[in-house]
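Participant: The following block contains a protein sequence and its predicted model.
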Amino acid sequence: MAPPPRARIPVYLLTGFLGSGKTTLLAAWLAQPALEGAAVIVNELGEVGLDGTLLGVTDQAALVSGACVCCTGLPGLEQALEDLFWARLQRRMAFPAVAVETTGLADPAPVVRAFRDHPLLRERYRLEAVIAVAGAPAGAALIDRHPEAGAQVLAAQALVMTKTREATDTDRQALHARFAALNPHAPVLVSNHADLPLDAVLQATGRGNDAQVGDTSSPDLAEPAWPDEAKHVETHPHDHPQAAGGADDHDHLCDEHGNAHDHHHAAQASFVPLPQPVARDWLLIRLHTLAGALADDLLRVKGIVALDDGRRCVVQFAPGDRRFDVRPLDEAPGPAASQPGLTVIALHADAERVSAAFLGRGHA
């Protein structure tokens, strides 16, 4: 009688456009039984990572920064998964599952394909679920404007609509309509302030069972049935508009038959260092100056800033937000979290334009 198949490590892939609420949701899920003790891989486009700090994980976290995992960052993701596997095998780490959070500009299809094509990933890992998150206030407009946002919906087994309390009925209906048009087979769930349990998502996709999620002592579950639309995205080029002369533009080969094609992101990430404490009012004025100068080109602002009252605060902004979110940072014991400053992700805006816009100099 043949032995049972080797149990593989389950992987949960969380994707969604910039500012959709992925990190907040994942932070809550890591405190739930389904992902208790899980290893975490965070992909951030900027040179200075923040999401790992906000997740509050250190010992079992890996950061793939400065590159998108669907493009030049994919080898970094594969290497991080290899390193985690060997650390687990050699008993230097113990974790039942892996959670991967992609950058908001990632098309998940190349990542999904890596678990099929990469020898070690195919043998040792099991892609348990792909979950896409979209914020209700601006989700429909972002899907219409950015091909990456549509690709995230297409690749998902479950769709999570966030920030519904901040959205109008029209906003929510528009996003529901985009979901239904792009991926009608994926269940749609709602989360406000991360109140959606991961178990509910897995049950909705049919992946929940009586066993502990992430239990690798039992034989593997059947592979997920990926939507036809996601398969279609995997096998076709996904070109995006290119910003002329953009420092973060990048190409990669992603046709499964080996045919080359370009994959460009028009958005660029710039870091505005703020090494010295600043006044809260000054910070808010500069943030609103930045938003006014970049207008619809501004896609994301996030960072940690030291205030002159001795506190450190987290700054966040995304399309659809009514205001900049500036709130105290819950400091964890150990080294200071992240480098003080702001990561700004914007269309057609290099570091010089972003800096000029933030400081209100000249014409941004």
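Facilitator: Here it is on my side, so go on. Numbers count the residues shown, from 1 in each chain.
Participant: In the stretch 1-150 of the chain, where is pLDDT below threshold?
Facilitator: 1-6, 45-72 (pLDDT under 70).
Participant: try 90 this time
Facilitator: Applying pLDDT under 90 to the stretch 1-150 of the chain picks out residues 1-7, 23-24, 27, 31, 33-34, 36, 41-77, 80, 92-93, 103.
Participant: quick one, helices of it?
Facilitator: Assigned by DSSP state H, counting those that start in this stretch, the helices in the stretch 1-150 of the chain fall at 22-29, 51-55, 74-89, 109-117, 119-124, 139-145, 147-155.
Participant: Would you mind saying which of these lies nearest Ala177?
Facilitator: With C-beta to C-beta, the closest approach to Ala177 among the helices of the stretch 1-150 of the chain belongs to helix 139-145: 7.2 Å. For glycine as for every other residue, the C-beta is placed from the backbone atoms N, C-alpha and C.
Participant: Could you check how far Gly21 is from Val111?
Facilitator: 20 Å (C-beta to C-beta, to the nearest Å).
Participant: and those two? which has more neighbours close in?
Facilitator: Val111 (25 against 21; other C-beta atoms under 10 Å).
Participant: So Arg207 belongs to a helix, correct?
Facilitator: No - with DSSP: H, G, I helix; E, B strand; the rest coil as the criterion, Arg207 is assigned coil and is not in a helix.
Participant: From the contact counts, what lies against the longest strand seen in the chain?
Facilitator: Identified as the longest strand of the chain according to DSSP state E is strand 125-135. Packing partners of strand 125-135 (3 or more C-beta pairs under 8 Å, 6 or more residues apart in numbering; DSSP states H and E): strand 9-16, helix 109-117, helix 147-155, strand 158-162, helix 198-205.
Participant: for the record, mean pLDDT for the helix or strand harbouring Lys302?
Facilitator: Per DSSP states H and E, Lys302 falls inside strand 298-306. Per-residue pLDDT values across strand 298-306 average out to 92.
Participant: Redo the helices and strands packed on strand 125-135 as CSV? Include distance to Asp171.
Facilitator: Output for the helices and strands packed on strand 125-135, formatted as CSV (distance: least, C-beta to C-beta, whole Å):
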stretch, distance to Asp171
strand 9-16, 16
helix 109-117, 27
helix 147-155, 15
strand 158-162, 10
helix 198-205, 22
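Participant: Extract the C-alpha set from the longest strand of the chain and format it as CSV.
Facilitator: What follows is strand 125-135 as a C-alpha-only set of coordinates in CSV (Å, rounded to 0.1, in the frame of the first residue of the first chain):
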residue,chain,number,x,y,z
TYR,A,125,4.1,24.2,0.1
ARG,A,126,0.4,24.2,-0.6
LEU,A,127,-1.3,27.4,-1.7
GLU,A,128,-4.3,27.2,0.5
ALA,A,129,-6.2,30.3,-0.4
VAL,A,130,-5.8,33.6,-2.3
ILE,A,131,-7.8,36.4,-0.7
ALA,A,132,-8.2,39.8,-2.3
VAL,A,133,-9.2,42.9,-0.3
ALA,A,134,-10.7,46.0,-1.7
GLY,A,135,-11.9,49.2,0.1
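Participant: circling back to that earlier point, need the winner for burial among the helices of the stretch 1-150 of the chain.
Facilitator: helix 147-155 (a mean of 26; mean count of other C-beta atoms under 10 Å).
Participant: so what are the domain limits for the chain?
Facilitator: Following automatic domain parsing, one finds the domains of the chain at 5-251, 267-359.
Participant: and the ones you listed, which is most packed in?
Facilitator: domain 5-251 (a mean of 19).
Participant: what about that domain, distance to the chain center?
Facilitator: Distance of domain 5-251 from its chain centroid, counting by C-alpha atoms, centre = their mean, to the nearest Å, is 7 Å.
Participant: Next, format the helices of the stretch 1-150 of the chain as TSV and append distance to Gln173.
Facilitator: As requested, the helices of the stretch 1-150 of the chain are exported to TSV (distance: least, C-beta to C-beta, whole Å):
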stretch	distance to Gln173
helix 22-29	22
helix 51-55	30
helix 74-89	35
helix 109-117	27
helix 119-124	39
helix 139-145	9
helix 147-155	16
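Participant: if we can go back for a sec, so which of the helices and strands packed on strand 125-135 is nearest Pro319?
Facilitator: Nearest to Pro319, of the helices and strands packed on strand 125-135 and by C-beta to C-beta, is helix 147-155 at 10.2 Å.
Participant: Can you tell me the SS state at the closest residue to Ala351 other than its chain neighbours?
Facilitator: Spatial nearest neighbour of Ala351, excluding adjacent residues (C-beta to C-beta, 6 or more residues apart in numbering): Ser270 at 4.1 Å. Here Ser270 is recorded as strand under three-state DSSP.
Participant: Ala87 versus Ser270, what's the distance?
Facilitator: From Ser270 to Ala87 the distance is 33 Å (C-beta to C-beta).
Participant: What of Ala149?
Facilitator: Distance from Ala149 to Ala87, by C-beta to C-beta: 34 Å.
Participant: Equivalent analysis for Cys313, please.
Facilitator: 34 Å.
Participant: closest one to Val326 among the helices of the stretch 1-150 of the chain?
Facilitator: helix 51-55 (14.2 Å).
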